[in-house]
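**Student:** this one's sequence-less:
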């Protein structure tokens, strides 16, 4: 075991002592995630708006919650009027919705409360924002009217009826939705574009690194290190295990750092850690197997790099690592079914977007395990020959 | 220390080693000579357990190769022809790694690496990457890696190829010292003078067979042929040639007319030279130079294989 670890250690040193490897292993995938993630998620630029709640009553607070509940297009943030004005001046927000002091009183009286909407001249979406605010207000108005009617029938205060029927319901729903995006399984959901690109480029660059790493076997054969290892009291199995372990560890270090970096830099939530560990481990085994297969069938490290990179770049393209696979023609999507990257990507999407756990991705894990078994067996057989 | 009995190796239908036998005592230094493709490297590979032998027996330090190969390997240090090191790692890191491959603990490897660096004269370059070393320095670390586990048998496969004379001398001196401390050495080289300097006994391999084995003196006297006396003259006449051909102990006379050179093959050159000078004076031959070439390994090799060693 000590010899296996020593071989693994030396291979890690070889990889991490070359500064240019950091570029290909970490800088490039992060940069591409940023560029492609931003490019594909151009519609994510939501309008940032401030809400100034001068009334601060049950209804004004509920109104704000209703505005915030549908955050597809707008981001609302509570703040004081002075701070909001300052931010608008600095163009850090696009506009301000001011809820006047008589908001609840007006609604109680069945009147239309005053809403002030201030915005800069460049806000082209202003009419839509206004309409959205008015629509939410109209909903609130209906709810208040309904609560008042209900309270008259039951002989209680309308506020109690409102809380029971609307406000409580709303309080229950909002947190439930938030929690769902973090961990609860939600069929059919998709990861954000940035998360998808982070997963795609992590897979791509881990594969590229593995192709280069597997080339060290050829390098060792070329410069006599492999033969020298065999003349030392190290068995072929120990040498093979040392190299495979090193590739696996290198892959995990790279993937791990990319997971953490993208989490910190882009706020990507990678979901259930156990599921990620199992999925990535199986995928790495497959990639190491592919690397071994190519190494066994070429003669020089240069050929390994050329064939390996060609294979990785082409298959990652087909598997939807650079862009969503749905935009590809049907025949390419069919080809992708036979590529491990597609399954790794599907698994990661399930984990990120749907909060999948290990038990939820057993099928995908099984497929990756099969890929790993086939590529490993073929790689080791060819290498031994 | 080493017994090789009738070892054979074939790749497909081609037999590379055709039943070689030799043995080495502990502390002996043995030179293995042979032209390219003679079977030297295959023989070494079989002894070191890298390539399995088809038949015959090999024992190293009492352990049978093929049955107790792992134990035998612990007794052997191999210096391959290639620089089998990691160029982007330092000399110290390389030595540490190879020490660990021979089962040394981290502490043992660290201590031994310092000793080995001292031995090969590269302590000051310990922290430098191998890729920054000259060819000679790389070769020295290449040897150092084989010394990490203090082997009893050191096998060196042309360890001085392509290096400067200073490094070559350093390596030869190092190997000589190792041998003097009791380490058994097998040394292959294309340089006869290295083998003559280092080795007690010499084995010559050609076409997969050990065609001669013995000490240098023994081999030269038995198989090296006659001494060659080479004369360069300003003019040649037939009477002089007849006279020297009839001298006692002269076996052959070859005339290179264009160069006015005469090669005289003789068994006892001391007696022949005096007679030659007398005949030259008597026949008014003006001698420009006279050289005496005693039997040497180069000539021995040529006689035995029909080729020079570097062919």
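**Tutor:** Done, it's in. Computed from a predicted model, the values in this text were never measured in an experiment.
**Student:** for the host helix or strand of residue A:264, name the packing helices and strands.
**Tutor:** Residue A:264 belongs to helix A:236-266 when assigned by DSSP states H and E. Applying 3 or more CB pairs under 8 Å, 6 or more residues apart in numbering or on different chains; DSSP states H and E, we find helix A:236-266 packed against helix A:2-16, helix A:28-40, helix A:193-222, helix A:225-231, helix A:273-297, helix A:362-384. For the C-beta atoms, the positions are set from N, CA and C on the backbone; glycine is no exception.
**Student:** just put these in JSON lines and tack on distance to chain B, mean pLDDT and mean neighbour count.
**Tutor:** Compiled in JSON lines, these are given as follows (distance: least, CB to the nearest CB, whole Å; pLDDT from 0 to 100; neighbours: other CB atoms under 10 Å in any protein chain shown):
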{"stretch": "helix A:2-16", "distance to chain B": "4", "mean pLDDT": "86", "mean neighbour count": "19"}
{"stretch": "helix A:28-40", "distance to chain B": "21", "mean pLDDT": "74", "mean neighbour count": "18"}
{"stretch": "helix A:193-222", "distance to chain B": "9", "mean pLDDT": "83", "mean neighbour count": "24"}
{"stretch": "helix A:225-231", "distance to chain B": "4", "mean pLDDT": "87", "mean neighbour count": "22"}
{"stretch": "helix A:273-297", "distance to chain B": "18", "mean pLDDT": "89", "mean neighbour count": "22"}
{"stretch": "helix A:362-384", "distance to chain B": "15", "mean pLDDT": "86", "mean neighbour count": "17"}
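**Student:** let's have these in a markdown table, adding distance to residue B:73.
**Tutor:** Shown next, in a markdown table, are the helices and strands packed on helix A:236-266 (distance: least, CB to CB, whole Å):
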| stretch | distance to residue B:73 |
| --- | --- |
| helix A:2-16 | 12 |
| helix A:28-40 | 43 |
| helix A:193-222 | 18 |
| helix A:225-231 | 7 |
| helix A:273-297 | 25 |
| helix A:362-384 | 20 |
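**Student:** quick one: contacts of the strand or helix carrying residue B:196?
**Tutor:** Per DSSP H and E, residue B:196 falls inside helix B:192-198. Residues outside helix B:192-198 that contact it (CB atoms under 8 Å, 6 or more residues apart in numbering or on different chains): B:29, B:31, B:33, B:160, B:168, B:172, B:175-176, B:179, B:185, B:187, B:189, B:202, B:216, B:296-298, B:301, B:309.
**Student:** still on that earlier bit, of the helices and strands packed on helix A:236-266, which approaches residue B:15 most closely?
**Tutor:** Nearest to residue B:15 among those is helix A:225-231; the distance by CB to CB comes to 22.0 Å.
**Student:** so residue B:23 touches residue B:2, yeah?
**Tutor:** Yes. Contact criterion CB atoms under 8 Å: residue B:23 and residue B:2 qualify, at 6.2 Å.
**Student:** of these two, which one has the most company?
**Tutor:** The neighbour comparison of residue B:23 against residue B:2 (other CB atoms under 10 Å in any protein chain shown) goes to residue B:2, with 24 against 13.
**Student:** so that one touches residue B:46, yeah?
**Tutor:** No. If you go by CB under 8 Å, residue B:2 and residue B:46 don't touch, sitting 11.4 Å apart.
**Student:** what touches both of the two?
**Tutor:** Counting by CB under 8 Å, 6+ apart, the contacts common to residue B:2 and residue B:46 are residue B:58.
**Student:** quick revisit: need the buried ones from the contacts of helix B:192-198 selected in ChimeraX.
**Tutor:** The ChimeraX command for the buried members of the contacts of helix B:192-198 (criterion: 16 or more other CB atoms under 10 Å in any protein chain shown) is given here:
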select /B:29,31,33,160,168,172,175,179,185,187,189,202,216,297,298,301,309
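**Student:** and stretch A:128-137, average pLDDT?
**Tutor:** Per-residue pLDDT over stretch A:128-137 has a mean of 84.
**Student:** contacting residues for the closest residue to chain A within the stretch 201-311 of chain B?
**Tutor:** Per CB to the nearest CB, the residue of the stretch 201-311 of chain B with the smallest distance to chain A is residue B:205, at 19.8 Å. Residues near residue B:205 by CB under 8 Å, 6+ apart: B:20, B:32, B:33, B:34, B:38, B:39, B:40, B:43, B:211.
**Student:** part of a strand, is residue B:229?
**Tutor:** Yes. Under DSSP: H, G, I helix; E, B strand; the rest coil, residue B:229 falls within a strand.
**Student:** report pLDDT for the closest residue to residue B:80 other than its chain neighbours.
**Tutor:** The shortest distance from residue B:80 to any non-neighbouring residue, by CB to CB, 6 or more residues apart in numbering or on different chains, is to residue A:224 (5.0 Å). At residue A:224, the model reports a pLDDT of 87.
**Student:** hmm, residue B:83 and residue A:224 touching each other?
**Tutor:** Yes. Using CB under 8 Å, residue A:224 makes contact with residue B:83 at a distance of 7.3 Å.
**Student:** got the contact list for the residue nearest to the residue of the stretch 201-311 of chain B closest to chain A when sequence neighbours are not counted?
**Tutor:** Leaving aside its sequence neighbours, residue B:205 sits nearest to residue B:34 (CB to CB, 6+ apart; 3.7 Å). Residue B:34 is in contact with B:40, B:188, B:204, B:205, B:206, B:305, counting by CB under 8 Å, 6+ apart.
**Student:** quick check: closest non-adjacent residue to residue 136.
**Tutor:** Assuming you mean chain A. Counting by CB to CB, 6+ apart, residue A:136 lies nearest to residue A:66, which is 4.8 Å off, once chain neighbours are set aside.
**Student:** right idea, wrong chain: chain B
**Tutor:** Nearest one to residue B:136, counting by CB to CB, 6+ apart, is residue B:167 at 2.3 Å.
**Student:** so how far is residue B:191 from the one you found?
**Tutor:** From residue B:167 across to residue B:191, the span is 13 Å (CB to CB, to the nearest Å).
**Student:** the two: which is more packed in?
**Tutor:** Neighbours were counted for residue B:167 and for residue B:191 using other CB under 10 Å; residue B:167 has more, 19 against 16.
**Student:** pretty sure the more buried one is in a strand, no?
**Tutor:** No. Under the criterion used here (three-state DSSP), residue B:167 is helix, not part of a strand.
**Student:** right, and it touches residue B:142 too?
**Tutor:** No. Using CB under 8 Å, residue B:167 is not in contact with residue B:142; the gap is 11.2 Å.
**Student:** hang on, the residue of the stretch 201-311 of chain B closest to chain A in a strand?
**Tutor:** Yes. Judged by three-state DSSP, residue B:205 forms part of a strand.
**Student:** what's the spacing between it and residue A:289?
**Tutor:** Distance, residue B:205 to residue A:289, using CB to CB: 43 Å.
**Student:** what of residue A:303?
**Tutor:** Residue A:303 is 18 Å from residue A:289, by CB to CB.
**Student:** again, but for residue B:64
**Tutor:** Computed as CB to CB, the residue B:64 to residue A:289 distance reads 37 Å.
**Student:** got the domain boundaries for the chain?
**Tutor:** Assuming you mean chain A. Domain ranges of chain A: A:45-165, A:191-382, per the TED database.
**Student:** wrong one, chain B
**Tutor:** Taken from the TED database, chain B resolves into B:1-219, B:225-286.
**Student:** what's the mean pLDDT across the longest one?
**Tutor:** Averaged over domain B:1-219, pLDDT sits at 89.
**Student:** likewise the last one?
**Tutor:** If you average the pLDDT over domain B:225-286, you get 77.
**Student:** mind listing the strands for chain B?
**Tutor:** Using DSSP state E, the strands of chain B run over residues B:2-11, B:14-24, B:29-33, B:55-60, B:63-64, B:76-79, B:153-157, B:184-188, B:201-206, B:209-214, B:227-233, B:250-256, B:261-266, B:287-293.
**Student:** next one: the fourth one to chain centre, how far?
**Tutor:** Going by CA atoms, centre = their mean, to the nearest Å, the spacing between the C-alpha centre of strand B:55-60 and its chain's C-alpha centre is 22 Å.
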